[in-house]
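J.: Turn this into a model:
(chains A and B)
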Amino acid sequence: MKYIEYKDLDLVNMAGEILSEWKKRDIFNKSIESREGNETFTFYEGPPSANGTPGIHHVMARALKDIFCRYKTLKGFQVKRKGGWDTHGLPVEIKVEKELGITKDDIGKKISIEEYNQKCKEAVMKFKDEWDELTERIGYWVDLDNPYITFDRDYMESLWYLLKAFYDKGLLYKGYTIQPYSPAAGTGLSSHELNQPGCYKMVKDTSITAQFKIKNTENDYFLAWTTTPWTLPANSALAVGKNINYVKVRTFNPYTYEPVNVILAEDRVGAYFGADSKDLKIEDYQAGDKRIPYEVIESYKGSELVGMTYEQLLPYIPLPHPAFTVVMADYVTTEDGTGIVHISKTFGADDFRVSVQNNIPGVMVKDDLGNDVPIVDKKGRFVKEITDFAGMYVKNYEGKDESDPAYKSTDVLIAIKLKGENKAFRVEKYEHSYPHCWRTDKPVLYYPLDSWFIKTTAYKDRLVNLNKTINWKPASTGTGRFGNWLENLVDWNLSRSRFWGTPLPIWRTKDQKEEKCIGSMEELKAEVEKSVEAGFMDAPIGDDFDLHRPYVDNVVLKSDSGKQMFREEALIDVWFDSGAMPFAQWHYPFENKDIFEKSFPADYITEGVDQTRGWFFTLHAIAGMLNDSVAFKNVIANGLVLDKHGNKMSKRLGNTVDPFKTLETFGPDATRWYMIANANPWDNLKFNPEGIQEVQRRFFGTLHNTYSFFALYANLDQFTFEDEEIPVTKRPESDRWIISKLNSLVLAVDEFLADYEPTKACRAIQDFVIDDLSNWYVRLNRKRFWVGDYTEDKKAAYQTLYTCLVTVAKLASPVAPFYMERLFLDLNNTTGQEQLESVHLGYFPEAQPALIDKSLEKKMKLSQSISSLVHSLRKKEKIKVRQPLARVLIPVLDPEIKEMIHEVEDLIKTEVNVKSVEYIDDTTGVIVKKIKPNFRELGKKYGSKVKHIAAAIKEFGQEEIGILEKGSQLEIHIEEETIYLDIDDVEILSEDIPGWLVASDGSLTVALDVSITEDLRKEGIARDLVNRVQNLRKDMGLEVQDKIMISIGKNEAMINDALLDNKGYICRETQALSLDIKENLSDGKLLEMDELKLLVRIDV
RNA sequence: GGGCUUAUAGCUCAGCUGGUUAGAGCGCUACACUGAUAAUGUAGAGGUCCGAGGUUCGAGUCCCCGUAAGCCCA
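T.: As a prediction, the model looks like this:
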């Protein structure tokens, strides 16, 4: 059987062929089945949403998932990977709304919820086929046949189970958050609705800078500015910035003319006090003066103000301490206002958050049912407790004519009241952008709305600690982005008021006094039966009951006291869906308990860094709170894929890359390799197709060339690895070297992949293939493959190269699964070395440390450096490599180095075509040495004196160097101090050999003898001839193994001698049976070699 | 506004715990090689290591303040 020889490398078609082979032979399943009973490695697939087409970044993400699953499979683990689809949520709904040309309001009116949800269900899998195709074509092995789907009843039942588990632990509660709310429409608005064009409008509002009197002072006030004066009755705290500087200013209130001391940010003084008032004297002030004097009398850091208390501004509803305290908030700026921010817990999202963090209560009143409600009702009116303004709309929701001169907004009325009470420092109209309801065009309020929460804060410390056990790649995402997020955790708002999602399984009585949380289908059925008995429902529900809206909404349950219970309207956050996948993908705990237990937590997950607070968090929170465990042990948070200029890809800019086209052009392997090798996956990737091309040419091209080289000659020699393997120790030095390098590579790649460093692994493989294997080993050993008989040496060469290629195929197979499969099969199918039908069913190569010879690697490095230096000298002297030279001289001071070079002498000699390598040591006395300070050593010993010592060392001549080399100490004087230097404090290098042509690199120096003797010249001519004959052979279209006869026209004696002296060599090299010099050669070809002309004829 | 990341040659990236000439590949220029040949070798040009300060005998590397870009959150 022969190795397949290829014309050229077609990575695209090759991948297609491999793909159909895999399918035909069911290789993916075999890669799992063949590991049955082995230790498992658990991977969780972060479910994509198939309602859009996949992009190029999905290639990156999927490659990253695939690489480690394949690697672990090679390491013997059983790696099951269940695919999944994320199907619920807002993006789906919005897309459907758009398609149907409806808005949220129309749902339940123009279209029934039932129909609408049906549309969503259809839409969400719209592009599933494209996704599946991409997954397959990039070689991402994942079980697409049995995926988990978040809208499945079983999946949702697991979600209900989990929600009930939270509920039973007392971790699921109803509270409120501050959300955009439209009193005119009587509904909350999502951020998506707020982002509709035209929602934000410039409006002129009355803004007030209010004076908050500091407790236990005569007339000291904090100044805080607001553009929503109607929230001032709800003020319960003031916020300052940590690093902002504040000052106390002595001045007068412009409305009451009373003397006041006001505190505000230093940077804002200019905005409140005119420069023209600067020179005025406090004492000269007369009540009513237009210009008011001021004087800065004290200054504070923001942190110094924290904890100070003040009197309630509008004391309608008293509150206990710590209300009316100064707190710190990160969002305070000095761009406008006073640098002190008024906080009303019930009417601002930031305010609410800061209040919760500081235990500040909100200003609230009791409603008829005894529940806490804000001081503005749902219609936008002040409640009766706000006596002065009771029943007044906080904004103009009743449609009053604002152009009427008598019209006064509530904000203005509040301003008037404050002015009168010496509580307003400034009142002015302020134009700013403010959101409006897209339905009613009326201003939006930020308003507390009911929400269901998971009390994540109760487990904050545990979640923080569990996170510390997770191996994050990169680490900073774990400690920084994710860690900080956990440190500042707030309760998880689960509620979404939408239609297409998992309904919250909680039923309540009308009076809100009784409630029930349902955790399974069985439980629901049982409760419904009770309800049917009680006459609340007509019929029981079956096993096929759909848990979606509107069906669950129609379920009315019976409370313990016999009352009707209705479902709380909320759907849950879709992130709960995906975060629950470790449980729900197995329909846990209703089925597959054992599978779940074996596959929890995950060993590895990876998604984009944008998932940090999405999937990564919800996985972590659910697992941490319910199972007291991490959900994943290792995680790669990969970066973005940008266009080649570093811009974000977007449809609008038209710089997106079609993954299918990319795969069609470059094939999956080069694409994957490029994406992983070019930059660490957690860095953003500047995607440039030219980069893939380079990978294709440089890495895959070189590897393929190496294989082709091997295949060509191995086929000629019929090498199929049938013979005994020659012990590595018995192989030539260069074989042992590349085998040593190969084993070092195996260790390195294993280590990198185990450490989730795919980029380093790729680069190591790449360097090995290109530099070590192709450019050095193969180049140096070419002759062994094509000259002479099938000797032991040749066998060793084949075996060595084969081992290198097959090992590279295995090492690189996780990243380039198609090409490496091809390479492996092409090799292994011929030799039958391993009983494997796929490289992916095999095992990761075992490194044999005994075969790693670091000193040999070092030797080879030396020979490479020396060769490179000689090449550069030849080049300088314009002596081509074909011309043999007599000798290279290498000055060596270190006998160890000398010994090492000596061992690779032969290599050097062939590589640079010289007859001998000679060493010059000290004894010859011709070497000029150079001395350099060893800063690392000197720094340790002498610290600040290093500079002076270095200067002294620079002055040293050969004599001082000699002293140190003998092992004696050298005494030098630095600033009246005597310092004894020894050999370790310096580096001694040979620099020059007078009268020779030298080149040096670091500590290596070589000299080349460039004199060409007659013998050398003759040999050069012979080599030249070989070269020309080879060209002729090629021109004649001869095969490598074809034999020829050479005839040459007679020439001058020297040339004839040159040819005859080297006849054996010439014949051997050119596969010639004879070489004759003929007196009269008529029909030869005239060859020009430098200044020579030869008439040559070749006969087959 | 906050958190995190990134910034080194025209481009893509290395640069370990600080050590004195900052590297590689691609690209460019020149030359060589010519049975791996749409390959390969050698050499050259190309750097205020984003900016300003600081620590240190010594900073691309450590600290601080900025600038720009990106992501997430407000």
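
J.: going forward, measure contacts and count neighbours with C-alpha atoms only.
T.: Noted.

J.: tell me the phi and psi of residue A:933?
T.: Residue A:933 adopts backbone torsions of phi -70, psi 140, taken as degrees, to the nearest 10.

J.: Now it. Nearest residue, chain neighbours left out?
T.: Once flanking residues are discounted, residue A:933 sits nearest to residue A:986: 4.5 Å by CA to CA, 6 or more residues apart in numbering.

J.: Identify the residues contacting the one you found.
T.: A:931, A:932, A:933, A:934 (CA atoms under 8 Å, 6 or more residues apart in numbering).

J.: From what I see, the second one and residue A:988 are in contact.
T.: Yes: look at residue A:932 against residue A:988 with CA atoms under 8 Å: they come within range, at 6.4 Å.

J.: Just the local confidence number for the residue nearest to residue A:933, please.
T.: pLDDT recorded at residue A:986 is 79.

J.: Need the three-state assignment for residue A:961.
T.: Here residue A:961 is recorded as helix under DSSP: H, G, I helix; E, B strand; the rest coil.

J.: need the contact list for it.
T.: Counting by CA under 8 Å, 6+ apart, residue A:961 has contacts A:929, A:931, A:988.

J.: Can you get me a residue count around the second one?
T.: The burial metric for residue A:931, expressed as a neighbour count using other CA atoms under 10 Å, is 19.

J.: same question, the first one
T.: When neighbours are counted by other CA under 10 Å, residue A:929 registers 17.

J.: same thing with residue A:979?
T.: 14.

J.: coming back round to it: which of residue A:932 and residue A:988 has more residues huddled nearby?
T.: residue A:988 (20 against 14).

J.: Point me to the helix or strand that includes the residue nearest to the more buried one when sequence neighbours are not counted.
T.: Nearest non-adjacent residue to residue A:988, counting by CA to CA, 6+ apart: residue A:931, 4.6 Å away. Using DSSP states H and E, residue A:931 sits in strand A:928-933.

J.: And residue A:633, by the same measure?
T.: Secondary structure from DSSP H and E places residue A:633 in strand A:632-638.

J.: from the chain's centre, how far out does that strand sit?
T.: Between the centre of strand A:632-638 and the centre of its chain there are 10 Å (CA atoms, centre = their mean, to the nearest Å).

J.: other SSEs contacting the helix or strand that comes right after it?
T.: The C-terminal neighbour of strand A:632-638 among helices and strands, as given by DSSP H and E, is strand A:641-642. Packing partners of strand A:641-642 (3 or more CA pairs under 8 Å, 6 or more residues apart in numbering; DSSP states H and E): strand A:685-686.

J.: can you tell if the strand it packs on touches RNA strand B?
T.: Yes: with CA under 7 Å from any atom of the strand as the criterion, RNA strand B is reached by strand A:685-686 at A:685, A:686.

J.: Restricting to C-alpha, output stretch A:693-702 in CSV.
T.: Below are the C-alpha coordinates for stretch A:693-702, written out as CSV (Å, rounded to 0.1, in the frame of the first residue of the first chain):
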residue,chain,number,x,y,z
GLN,A,693,-4.1,32.7,4.2
GLU,A,694,-0.8,33.0,5.9
VAL,A,695,-1.7,30.2,8.3
GLN,A,696,-2.7,28.1,5.4
ARG,A,697,0.5,28.6,3.5
ARG,A,698,2.9,28.7,6.3
PHE,A,699,1.7,26.1,8.7
PHE,A,700,-0.5,23.8,6.7
GLY,A,701,1.5,24.3,3.6
THR,A,702,4.8,23.4,5.3
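
J.: Okay, buried residues for it please.
T.: A:693, A:695, A:696, A:699, A:700, A:701, A:702 (16 or more other CA atoms under 10 Å).

J.: Nearest to RNA strand B: which residue in chain A?
T.: In chain A, no residue comes nearer to RNA strand B than residue A:944, which is 2.8 Å away by CA to the nearest atom of the strand.

J.: how much space is there between that residue and residue A:969?
T.: 21 Å (CA to CA, to the nearest Å).

J.: Throw the buried residues of stretch A:693-702 into TSV and include pLDDT and secondary structure, thanks.
T.: Shown next, in TSV, are these (pLDDT from 0 to 100; DSSP: H, G, I helix; E, B strand; the rest coil):
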residue	pLDDT	secondary structure
A:693	87	helix
A:695	88	helix
A:696	88	helix
A:699	91	helix
A:700	91	helix
A:701	89	helix
A:702	89	helix
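
J.: So which residues on the stretch 401-550 of chain A come close to RNA strand B?
T.: Checking the stretch 401-550 of chain A against RNA strand B by CA under 7 Å from any atom of the strand, the hits are A:476, A:477, A:480, A:481, A:484.

J.: Show me which pair in those is furthest apart.
T.: Farthest pair in those (CA to CA) is A:476 and A:484. Separation: 10.5 Å.

J.: What residues sit buried inside the longest strand seen in chain A?
T.: Ranked by residue count, the top strand of chain A under DSSP state E comes out as strand A:200-213. Using 16+ other CA under 10 Å as the test for burial, strand A:200-213 gives A:200, A:205, A:206, A:207, A:208, A:209, A:210, A:211, A:212, A:213.

J.: quick one: secondary structure of the nearest residue to the last one once chain neighbours are set aside?
T.: Spatially, and ignoring its direct neighbours in sequence, residue A:213 is nearest to residue A:221 (4.3 Å; CA to CA, 6+ apart). State at residue A:221, reduced to three classes by three-state DSSP: strand.

J.: give me the beta-bridge partners of residue A:221?
T.: For residue A:221, the beta-bridge partners are residue A:213, residue A:262 (DSSP bridges).

J.: picking up where we left off before, what's the longest strand of chain A packed up against?
T.: Contact analysis of strand A:200-213 by 3+ CA pairs under 8 Å, 6+ apart lists strand A:220-226, helix A:410-420, strand A:424-435 as its packing neighbours.
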